[in-house]
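Trainee: coords below, sequence missing:
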Ligand SMILES: C[S@@+](CC[C@H](N)C(=O)[O-])C[C@H]1O[C@@H](n2cnc3c(N)ncnc32)[C@H](O)[C@@H]1O
């Protein structure tokens with residue numbers, strides 16, 4: 001096998017990132033193909049424990065109901081994805097799983113899994129984190145975990161939708177807020193985090209600038225996001241309903257000024273607003289259990305489940321509101337996509353970008 005690309009070695013040398021064999025930055029050569037080798041004898045043996053989808057108690061808040069799904073109403077519904085129980089469970093659980101739930105893996109998976117015990121990759125030191133902010137906190141699950149891991153920190157989670165649970169650690173509070181508004185906080189933060197925000201980013205560069213200004217010197221900003229479109233290493237997506245739909249989702253979001261491909265530019269954007277020591281790690285999320293490694297199989301099982309349950313919600317809102325499709329047309333697309341997701345000859349994945357940088361001291 002060829003030696004790892006230069007940048008991969010540089011990242012692996014970072015004491016906070018063990019050598020996972022992950023390709024950190026835009027390298028899609030043969031090395032990567034080895035990492036994500038296709039297991040054609042997919043036996044679909046990975047279970048997704050549905051108990052982990054345990055939903056939060058429904059909140060009473062202003063919302064809009066459309067085609068059987070719920071959307072937030074604050075700010076005239078500027079966020080186009082649903083915020084109901086179905087939508088707020090699995091993707092978040094997939095990230096949560098990838099980043100925190102390593103005990104579910106068998107011990108045979110090298111040190112690779114160790115990274116994913118963390119809620120963050122930024123090299124935070126417990127004593128240095130007095131104030132933390134989670135933008136677009138959604139279910140608040142990440143913020144709850146973080147507040148528990150950093151009990152000495154005061155943590156704020158913000159979102160357009162007040163869907164977070166009531167009973168949370170005492171050092172955590174939630175606020176309804178729009179990241180596009182001015183950030184008015186009474187103190188600087190030592191860590192700012194945003195996960196799966198790309199659908200909500202009208203102007204990510206402006207948000208990154210606000211994060212930079214809201215941090216104390218030496219503080220870290222971290223983004224974790226999936227980067228559209230879905231892709232495959234072996235052309236098995238060519239001509240599929242899945243890739244057509246992925247591209248239509250990008251097109252619909254473009255009409256709203258949202259660029260779903262932007263996570264691949266988070267690194268340069270962070271650098272451009274002044275962050276230093278910016279690191280980027282990419283984790284492929286297969287859709288389904290076709291990939292060879294147990295690690296990727298696990299993520300793939302979650303991600304497919306997420307898509308099966310969540311795709312309709314994402315597509316329905318976007319395609320009816322922005323592409324003028326009927327509910328019936330969207331349902332046909334959803335069914336085609338669901339069928340393909342269970343076809344193990346299609347090897348689709350989406351890259352998950354984790355990018356973090358430091359405000360200079
Ligand atoms: C896909 S969810 C991710 C939630 C959470 N970060 C996680 O990873 O579990 C995106 C969240 O961002 C919120 N959001 C979208 N646009 C926003 C904005 N302009 N300001 C604040 N929150 C926003 C949505 O309401 C939604 O809860």
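Mentor: Perfect, thanks for sending it. Predicted, not measured: the structure shown is a model, and the values here were computed from it.

Trainee: those strands in the protein, which residues are they?
Mentor: Ranges of strands in the chain, per DSSP state E, are 63-66, 69-72, 131-135, 154-159, 172-176, 189-195, 215-226, 276-286, 349-358.

Trainee: now the angle from the fifth one to strand 131-135?
Mentor: Using axes from the mean of the first three to the mean of the last three CA atoms, to 10 degrees, one finds that strand 172-176 and strand 131-135 are set 40 degrees apart in direction.

Trainee: Can you tell me the strand partners of strand 172-176 and which way each runs?
Mentor: Strand 172-176 has these partner strands in its sheet, going by DSSP bridges: strand 154-159 (parallel).

Trainee: Which pLDDT value goes with the residue nearest to residue 227 when sequence neighbours are not counted?
Mentor: Spatial nearest neighbour of residue 227, chain neighbours left out: residue 263 (4.0 Å); criterion: CB to CB, 6 or more residues apart in numbering. Quick note: C-beta positions are derived from backbone N, CA and C, even for glycine. Note on residue 263: pLDDT of 97.

Trainee: For the stretch 101-250 of the chain, which residues are neighbours of the ligand?
Mentor: 136-139, 141-142, 158-161, 178-180, 195-197, 200 (CB under 6 Å from any ligand atom).

Trainee: for residue 239, what are its contacts?
Mentor: Residue 239 sits next to no residue when contact means CB atoms under 8 Å, 6 or more residues apart in numbering.

Trainee: For it, give its distance to residue 286.
Mentor: 19 Å (CB to CB, to the nearest Å).

Trainee: ok so, going back, I'd like to know which of the residues of the stretch 101-250 of the chain next to the ligand are part of helices.
Mentor: 141-142 (DSSP state H).

Trainee: Correct me if wrong: residue 314 contacts residue 250.
Mentor: No: Residue 314 lies out of contact with residue 250 (CB atoms under 8 Å); the separation is 11.9 Å.

Trainee: between the two, which one's more packed in?
Mentor: residue 314 (22 against 16; other CB atoms under 10 Å).

Trainee: Tell me how far that one lies from the ligand.
Mentor: 9 Å (CB to the nearest ligand atom, to the nearest Å).

Trainee: same check, this time on residue 214
Mentor: 14 Å.

Trainee: wait, what's in contact with that residue?
Mentor: 133, 183, 185, 188-189, 192.

Trainee: again, 10 Å this time
Mentor: By CB atoms under 10 Å, 6 or more residues apart in numbering, residue 214 lies in contact with 131, 133, 135, 183-185, 187-189, 192, 221, 359.

Trainee: circling back to that earlier point, can I get the strands of the chain in TSV with mean pLDDT and mean neighbour count?
Mentor: Below are the strands of the chain laid out as TSV (pLDDT from 0 to 100; neighbours: other CB atoms under 10 Å):
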stretch	mean pLDDT	mean neighbour count
strand 63-66	63	14
strand 69-72	62	21
strand 131-135	98	24
strand 154-159	96	24
strand 172-176	95	17
strand 189-195	96	26
strand 215-226	95	22
strand 276-286	87	20
strand 349-358	91	23
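
Trainee: To residue 148, which of the ones you listed lies closest?
Mentor: strand 172-176 (8.6 Å; CB to CB).

Trainee: that older thread, just the closest of the contacts of residue 214 to the ligand, please.
Mentor: residue 135 (6.2 Å; CB to the nearest ligand atom).

Trainee: pretty sure the closest one contacts residue 195?
Mentor: Yes: between residue 135 and residue 195 there is a contact under CB atoms under 10 Å: 8.9 Å.

Trainee: what touches both of the two?
Mentor: residue 223.

Trainee: any idea where the helices of this structure begin and end?
Mentor: Using DSSP H, helices in the chain cover 6-12, 30-35, 74-77, 90-100, 141-149, 204-214, 241-255, 266-272, 294-322, 327-341.

Trainee: Quick one: closest of those helices to residue 352.
Mentor: helix 90-100 (7.5 Å).

Trainee: Tell me, how many residues neighbour whichever residue of the stretch 151-300 of the chain sits closest to the ligand?
Mentor: At 2.4 Å from the ligand, residue 200 is the closest residue in the stretch 151-300 of the chain, using CB to the nearest ligand atom. As a burial measure, residue 200 scores 22 neighbours (other CB under 10 Å).

Trainee: So for it, what's the pLDDT?
Mentor: Listed pLDDT for residue 200 reads 90.

Trainee: swap in the one 4 residues further on?
Mentor: Looking at residue 204, its pLDDT reads 98.

Trainee: doesn't residue 261 make contact with it?
Mentor: No: applying CB under 10 Å as the test, residue 204 and residue 261 come out as separate, 11.4 Å apart.

Trainee: Apart from its chain neighbours, what residue comes closest to residue 168?
Mentor: residue 144 (5.5 Å).

Trainee: quick one: contacts for the one you found?
Mentor: Residue 144 touches 134, 137, 155, 157, 164-165, 167-169, 172, 174, counting by CB under 10 Å, 6+ apart.

Trainee: Farthest pair within the residues you listed?
Mentor: 134 and 167 (17.3 Å).

Trainee: What is the least confident helix or strand in this protein?
Mentor: helix 6-12 (a mean of 35; mean pLDDT, DSSP states H and E).

Trainee: How much space separates the residue nearest to residue 336 when sequence neighbours are not counted from residue 320?
Mentor: Nearest residue to residue 336, sequence neighbours excluded (CB to CB, 6+ apart): residue 241, at 3.8 Å. Per CB to CB, residue 241 is found 18 Å from residue 320.
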